[in-house]
Every structure is written in structure tokens, then in C-alpha cells.
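Asker: Structure for this input, please:
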Amino acid sequence: MFLGTYTPKLDEKGRLILPAKFRDELADGLVMTRTQERALAVYTKEAFEELMAPVASAPATVKQVRDYQRMLAAGASFEVPDKQGRVTIPPILRKYAGLDRDVVVIGAGTRAEIWDAEAWAAYSESSEAGFADLDEEFMPTL
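Answerer: This is a model prediction of the structure:
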């Protein structure tokens with residue numbers, strides 16, 4: 001499970017040092033892809049395969065299904081961290097998420113997310129007020 005908030009820096013080669021608490025789980029490789037909020041999601045290979053299973057088996061005759069399949073898979077990249085726990089973020093994904101030097105890596109349960117630091121601050125601030133309301137509206141349905 002991925003938990004916490006971390007503030008590593010991207011180096012000049014577009015590499016990120018993974019938070020120490022995430023390294024063991026991601027040591028054999030990870031899948032990085034786009035999220036709807038212009039951030040990046042990081043999954044273990046197994047978790048990404050589980051995510052893709054229902055998407056892959058959905059009817060390709062439905063335009064929204066094809067669109068989702070394309071955006072998820074075309075934006076995905078399999079990466080293996082080096083011995084120092086660094087992982088390269090491909091240029092196309094850095095551009096998509098607006099990543100430069102200052103980033104925030106958050107744990108989101110079954111995935112980690114990589115955000116531009118300013119984008120995360122804005123998202124976090126705008127979502128804080130609604131967070132308390134979610135517990136009354138959303139959580140009783142679980």
C-alpha cells in the first residue's frame with residue numbers, strides 16, 4: 001500500500017528518487033501512466049495488469065472504451081528503478097504532468113502519484129474543503 005507525501009526533486013536527466021518506503025514494492029518494475037488530473041500514476045506491474053483487465057475486455061465497439069484504452073495504454077511506460085532507487089520519467093509523461101524540478105509524490109492506496117509541486121498544492125487546497133463532506137456522502141456506500 002502506498003501512503004504519505006514526499007517531495008523529491010527531478011534531476012537533469014528526468015530521474016526521480018523513489019521514496020524509500022515505496023522502493024521494495026516497486027523494485028522489480030513499475031508502470032507509470034497518466035491520470036485524469038494531469039498527474040502521473042505509478043502502479044506495480046501486477047496492479048496495472050489488474051487495472052487493465054476489465055478495460056481490455058470492454059467492448060472496443062464503444063467509442064468511450066476505445067478512448068480510455070488508448071489514453072491509458074499509450075501513456076503508460078514500464079520502468080525499472082536503478083540501484084539507487086531512481087526511475088526515469090519519460091519526456092512525454094513529464095510534459096503531460098508539467099513536471100520540471102519540484103515534484104510531490106503521494107501515496108494513494110493502490111498506487112502512487114507524481115505531481116508538479118505547484119499543481120499538487122493547488123489541488124490539495126481546493127479539495128480540502130470537500131474532503132470532510134465526502135465522508136458523509138461517499139463513505140456510507142462502501
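
Asker: In this structure, where's the longest helix?
Answerer: Counting by DSSP state H, the longest helix found in the chain is helix 117-137.

Asker: Quick one: list the elements packing against that helix.
Answerer: Other helices and strands packing on helix 117-137, by 3 or more C-beta pairs under 8 Å, 6 or more residues apart in numbering; DSSP states H and E, are strand 103-107. Using the backbone N, CA and C atoms, a C-beta is placed for each residue, glycine as well.

Asker: List the contacts of the strand it packs on.
Answerer: Residues outside strand 103-107 that contact it (C-beta atoms under 8 Å, 6 or more residues apart in numbering) are 1-10, 16, 18-19, 22, 112-117, 120-121.

Asker: Mind checking which of those residues are buried?
Answerer: The neighbour-count test (16 or more other C-beta atoms under 10 Å) marks 2, 6, 8, 10, 16, 18-19, 22, 112-116, 120 as buried among those.

Asker: Which of those residues fall in strands?
Answerer: Tyr6, Leu16, Ala112, Glu113, Ile114, Trp115, Asp116 (DSSP state E).

Asker: Great, nothing more from me.
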